[in-house]
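Q: show me the folded form of this:
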Amino acid sequence: MAFIQKVIGVSLTVTCSTLGILQEAIAQSTAVPITRIVFFPSPEQEIRVADFVVPDRRPRETSAYGGQLSRYDVHIAKMFEITRHECLQSLSSGRRPLDIIIWRYYAGGGNIKMGAYSINCQEARRVANRYGLGQAEPTIITYYRVTTTVNIPILDITASKVDDWKSFIRTLPVEGMD
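A: Modelled structure (predicted):
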């Protein structure tokens with residue numbers, strides 16, 4: 001058991017034969033599998049485009065944390081968390097502040113187009129205020145060609161907030177991707 005705890009602590013995937021061990025491992029980590037998050041160069045500093053790529057073939061049907069939230073629900077939350085982080089970073093950069101991130105969401109390792117979500121800084125702040133923030137989670141992000149790990153606070157979507165979150169994300173406009 002101590003070995004599994006150490007492995008989970010460094011965000012490695014562990015395959016367990018017993019459901020009890022797997023549930024304990026999930027409870028210790030809020031991370032879900034993400035293949036890559038990549039920001040692309042943009043001529044307009046206030047608009048950024050990013051790819052959010054996950055290995056799941058059916059993220060709406062795959063449970064996260066063993067129950068109420070799907071991985072899709074968690075992926076959308078991660079986009080809001082990163083948008084909030086990037087907006088705060090841009091304010092302290094001395095450049096024109098970031099206004100919006102256009103997220104191109106892919107499942108199946110990049111083979112399935114899930115749609116594009118435009119999340120602006122004001123909405124990301126509003127969502128963080130509405131749901132609150134929990135612990136910071138290491139998130140691997142590639143900025144153009146440089147990959148780095150950034151600690152980003154996660155949204156506190158727990159217990160009574162789960163149904164509200166699911167209702168909220170159903171209202172988000174999803175744009176097609178060419």
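
Q: run a quick neighbour tally on the nearest residue to G132 once chain neighbours are set aside.
A: Closest residue in space to G132, ignoring its immediate chain neighbours: D156 at 4.0 Å, by CB to CB, 6 or more residues apart in numbering. Bear in mind the C-beta positions are built from the backbone N, C-alpha and C, glycine included. Neighbour count for D156, taken as other CB atoms under 10 Å: 15.

Q: for D156, what are its contacts?
A: Contact analysis of D156 by CB atoms under 8 Å, 6 or more residues apart in numbering lists 131-134.

Q: just the buried members of those?
A: Buried members of those, scored by 16 or more other CB atoms under 10 Å, are Y131.

Q: take the contacts of D156 and write them to a markdown table, including secondary structure.
A: Converted to a markdown table, the contacts of D156 look like this (DSSP: H, G, I helix; E, B strand; the rest coil):
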| residue | secondary structure |
| --- | --- |
| Y131 | helix |
| G132 | coil |
| L133 | strand |
| G134 | strand |
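
Q: restrict the helix or strand hosting Q135 to CA atoms and write it as CSV.
A: Under the criterion of DSSP states H and E, Q135 resides in strand 133-143. Output of strand 133-143 as CSV, limited to C-alpha atoms (Å, rounded to 0.1, in the frame of the first residue of the first chain):
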residue,chain,number,x,y,z
LEU,A,133,-10.8,27.1,-5.1
GLY,A,134,-9.2,24.1,-3.5
GLN,A,135,-5.7,22.8,-3.4
ALA,A,136,-3.2,23.6,-6.2
GLU,A,137,-2.6,20.8,-8.6
PRO,A,138,0.5,20.3,-10.8
THR,A,139,-0.5,20.8,-14.4
ILE,A,140,1.8,20.2,-17.3
ILE,A,141,1.4,22.8,-20.0
THR,A,142,3.3,23.4,-23.2
TYR,A,143,3.7,27.1,-24.2
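
Q: quick check: which element contains V32?
A: Under the assignment here (DSSP H and E), V32 is part of no helix and no strand.

Q: run the chain-centre distance for the helix or strand that contains R104.
A: Assigned by DSSP H and E, R104 belongs to strand 100-107. Distance of strand 100-107 from the chain centroid (CA atoms, centre = their mean, to the nearest Å) equals 10 Å.

Q: against which helices or strands is the following helix or strand past it packed?
A: Scanning forward in sequence from strand 100-107 by DSSP H and E, the next helix or strand is strand 112-120. Strand 112-120 sits against helix 71-91, strand 100-107, with contacts defined as 3 or more CB pairs under 8 Å, 6 or more residues apart in numbering; DSSP states H and E.
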